[in-house]
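Enquirer: how would this look folded up:
(one chain, ligands or ions: 2)
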Amino acid sequence: MNSQNPFPIGVPVSGEELADRETELQTIVKEVESGGRLFLISPRRYGKTSLLLEARRRLQPRIPVAYLDLFQATSLAHFLDLFAKAVLESVEGAVEKAIRVAGEYLRAIRPTMTVNPQGEPEWSIGSSQQQADLLELRDQILALPGNLAKRKKLRLAVFMDEFQEVRNFDGLALEKAMRASFQQQPQISYVFAGSKESIMWDMVRSRKSPFFRSGPTLSLGPLPAAEFTRFLSTKFKKAGMSISKEKLGEILRLADEIPYNVQYLCHALWNVKQDPGEISGGDMARAVKYVLSAETAYYVSLWDQFSLHQRRTVRALARSGAVAPFNKTFLAEYDLGPSASVARSLAQLLKYQILRKAEKRYRFADPFFRLWVQTKIA
Ligand SMILES: Nc1ncnc2c1ncn2[C@@H]1O[C@H](COP(=O)(O)OP(=O)(O)OP(=O)(O)O)[C@@H](O)[C@H]1O
Ligand SMILES: [Mg+2]
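Expert: Ligands and ions are numbered 1, 2, ... in the order given. Just a heads-up that it's a prediction; the model follows:
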């Protein structure tokens with residue numbers, strides 16, 4: 001049997017590893033080619049990063065793409081560092097050249113080279129939160145893509161993943177500065193991707209937001225079931241296993257059709273199945289057990305952080321199929337008290353991204369956590 005698990009989990013997938021998403025990819029590529037600004041919005045683990053990286057692969061070297069992940073940024077200065085480095089490296093390639101060019105465009109920076117714990121060379125533009133002229137540097141850095149593209153006479157795109165995090169630094173100030181700067185850069189395409197859906201929608205739909213109506217949106221839903229099951233079935237076959245349509249349907253249901261969770265269950269099935277051949281009901285049960293035990297430490301830590309009322313709300317939702325009728329009988333059955341308390345708990349659970357709201361229904365962001373609550377919390 002092939003020794004490498006053919007179902008990748010938690011890492012961005014591209015090329016042959018990417019199921020479907022052709023329409024979405026074409027939308028991104030077209031929008032970038034036409035110099036547009038696109039907002040890619042989807043819940044966590046639906047495959048945003050994979051799409052961005054695959055679009056980048058298709059666009060380069062024709063159009064260099066700077067990619068940065070805002071989850072990594074721990075301050076405004078750190079964000080500026082990531083932004084400047086991604087832009088300079090996408091255009092200049094070699095780090096030494098990028099550093100030299102940084103010095104030409106950005107005043108008051110002290111580029112430094114270091115070695116990270118893995119022993120790889122790293123560089124930084126050397127900005128800091130304490131710097132008196134940080135806001136001036138911010139504006140120079142935001143203008144960098146436009147200035148570089150003009151001088152080098154090339155097109156350029158910037159992809160910002162987890163873009164909602166931009167609001168962590170100084171409220172709307174950075175967003176406002178971006179909007180003002182990017183408006184002066186018609187030759188640069190921007191893709192803003194985010195998983196905190198309510199913030200992302202607020203950015204494009206609320207009149208108070210700097211990016212109000214500044215570009216089209218693309219929402220990412222589940223992968224079409226027929227395509228996804230065909231894709232998975234081929235993978236099992238290549239690994240010397242076969243799986244029935246019914247069982248694949250069951251996997252999609254247990255994983256709430258979330259690509260990451262679907263792949264995780266398949267990953268677990270491959271791990272627990274000892275011999276090649278047809279996947280049985282016993283294998284399915286073992287795979288679910290494998291996933292729940294792998295995640296238990298994390299789920300316990302989540303549960304531990306909830307208030308008692310939040311725990312009752314989560315338990316009620318897990319058991320009721322997360323449809324949440326919230327009528328009197330339901331509130332009484334799960335001892336949830338007045339509906340104002342339920343509203344408060346639900347708001348917190350949405351904020352922690354334990355739940356998400358889709359078509360007016362509350363769903364578990366992680367369907368395996370729901371399974372864990374159903375099985376472990378009596
Ligand atoms: N189109 C796809 N085809 C096959 N698997 C996919 C696809 N999209 C996502 N996945 C699965 O989901 C996992 C997560 O993908 P990715 O990191 O791109 O998602 P994400 O939305 O960026 O997640 P996060 O919210 O954690 O940043 C992948 O490792 C893969 O298992
Ligand atoms: Mg991602």
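Enquirer: switch to C-alpha atoms for all contacts and neighbour counts from now on
Expert: Will do.
Enquirer: can you list the residues of the stretch 151-300 of the chain near ligand 1?
Expert: Pro259, Tyr260, Gln263 (CA under 6 Å from any ligand atom).
Enquirer: how near is Leu172 to ligand 1?
Expert: For Leu172, the distance to ligand 1 equals 23 Å [CA to the nearest ligand atom, to the nearest Å].
Enquirer: Does stretch 52-65 reach ligand 1?
Expert: No. Figure legend: stretch 52-65 not in contact with ligand 1 (CA under 6 Å from any ligand atom); closest approach 8.1 Å.
Enquirer: What are the buried residues along whatever helix or strand Val288 lives in?
Expert: Assigned by DSSP states H and E, Val288 falls within helix 281-305. Buried positions in helix 281-305, judged by neighbour count with 16 or more other CA atoms under 10 Å: Asp283, Met284, Arg286, Ala287, Val288, Tyr290, Val291, Leu292, Tyr299.
Enquirer: how does the chain divide up, domain by domain?
Expert: 21-219, 306-378 (automatic domain parsing).
Enquirer: can I get these in CSV with mean pLDDT?
Expert: Output for the domains of the chain, formatted as CSV (pLDDT from 0 to 100):
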stretch, mean pLDDT
domain 21-219, 93
domain 306-378, 89
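Enquirer: I'd like to know which of the ones you listed is closest to Ile279.
Expert: The closest of the domains of the chain to Ile279 is domain 306-378. By CA to CA, the value is 20.5 Å.
Enquirer: Run the chain-centre distance for that closest one.
Expert: 24 Å (CA atoms, centre = their mean, to the nearest Å).
Enquirer: any bit of it sitting next to ligand 1?
Expert: No. Using CA under 6 Å from any ligand atom, domain 306-378 stays clear of ligand 1, coming no nearer than 10.3 Å.
Enquirer: From the buried residues of helix 281-305, pick the one nearest Leu248.
Expert: Using CA to CA, the buried residues of helix 281-305 come closest to Leu248 at Met284, 10.2 Å.
Enquirer: tell me the contacts of that closest one?
Expert: Leu269 (CA atoms under 8 Å, 6 or more residues apart in numbering).
Enquirer: okay, it: pLDDT?
Expert: Model confidence at Met284, given as pLDDT, is 97.
Enquirer: can you tell me how far it sits from ligand 1?
Expert: Taken as CA to the nearest ligand atom, the span from Met284 to ligand 1 is 18 Å.
Enquirer: all helices for the stretch 151-300 of the chain, in order.
Expert: In the stretch 151-300 of the chain, the segments counted as helices under DSSP state H, counting those that start in this stretch are 167-170, 173-183, 197-205, 225-238, 245-254, 259-272, 281-305.
Enquirer: Report the buried residues of the shortest one.
Expert: Judged by neighbour count using 16+ other CA under 10 Å, the buried positions of helix 167-170 are Phe169.
Enquirer: Same question for the fourth one.
Expert: The neighbour-count check on helix 225-238 (16+ other CA under 10 Å) flags Phe228, Thr229, Phe231, Leu232, Ser233, Lys235, Phe236 as buried.
Enquirer: that older thread, which one of the buried residues of helix 281-305 is nearest to ligand 1?
Expert: Proximity of the buried residues of helix 281-305 to ligand 1 (CA to the nearest ligand atom) peaks at Val291, which lies at 14.1 Å.
Enquirer: picking that back up, just the buried subset of the residues of the stretch 151-300 of the chain next to ligand 1, please.
Expert: Here, 16+ other CA under 10 Å leaves Pro259, Tyr260, Gln263 buried among these.
Enquirer: Turn these into a markdown table, columns for pLDDT.
Expert: Converted to a markdown table, those look like this (pLDDT from 0 to 100):
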| residue | pLDDT |
| --- | --- |
| Pro259 | 97 |
| Tyr260 | 97 |
| Gln263 | 98 |
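Enquirer: what helix or strand is Leu52 on?
Expert: helix 48-59.
Enquirer: Contacts for that helix next, please.
Expert: Contacts of helix 48-59 (CA under 8 Å, 6+ apart): 12-15, 18, 21, 25, 28-29, 40, 42, 64-65, 159, 161, 193, 220.
Enquirer: Swap in 6 Å and give it another go.
Expert: Pro12, Val13, Ser14 (CA atoms under 6 Å, 6 or more residues apart in numbering).
Enquirer: What score does the first one have for pLDDT?
Expert: Pro12 carries a pLDDT score of 96 in this model.
Enquirer: Backbone dihedrals for it, both of them.
Expert: phi -60, psi 140 (degrees, to the nearest 10).
Enquirer: before we move on, the earlier item: which one of the residues of the stretch 151-300 of the chain next to ligand 1 sits closest to ligand 1?
Expert: Checking these one by one against ligand 1 (CA to the nearest ligand atom), the nearest turns out to be Tyr260, at 3.4 Å.
Enquirer: and that closest one, what does it touch?
Expert: Tyr260 makes contact with Arg45, according to CA under 6 Å, 6+ apart.
Enquirer: Tell me how far it lies from His309.
Expert: Counting by CA to CA, to the nearest Å, the separation of Tyr260 from His309 is 29 Å.
Enquirer: residues near the nearest residue to Tyr334 once chain neighbours are set aside, how many?
Expert: With sequence-adjacent residues excluded and distances taken as CA to CA, 6 or more residues apart in numbering, Tyr334 is closest to Ala316, at 6.0 Å. By other CA atoms under 10 Å, 23 other residues sit near Ala316.
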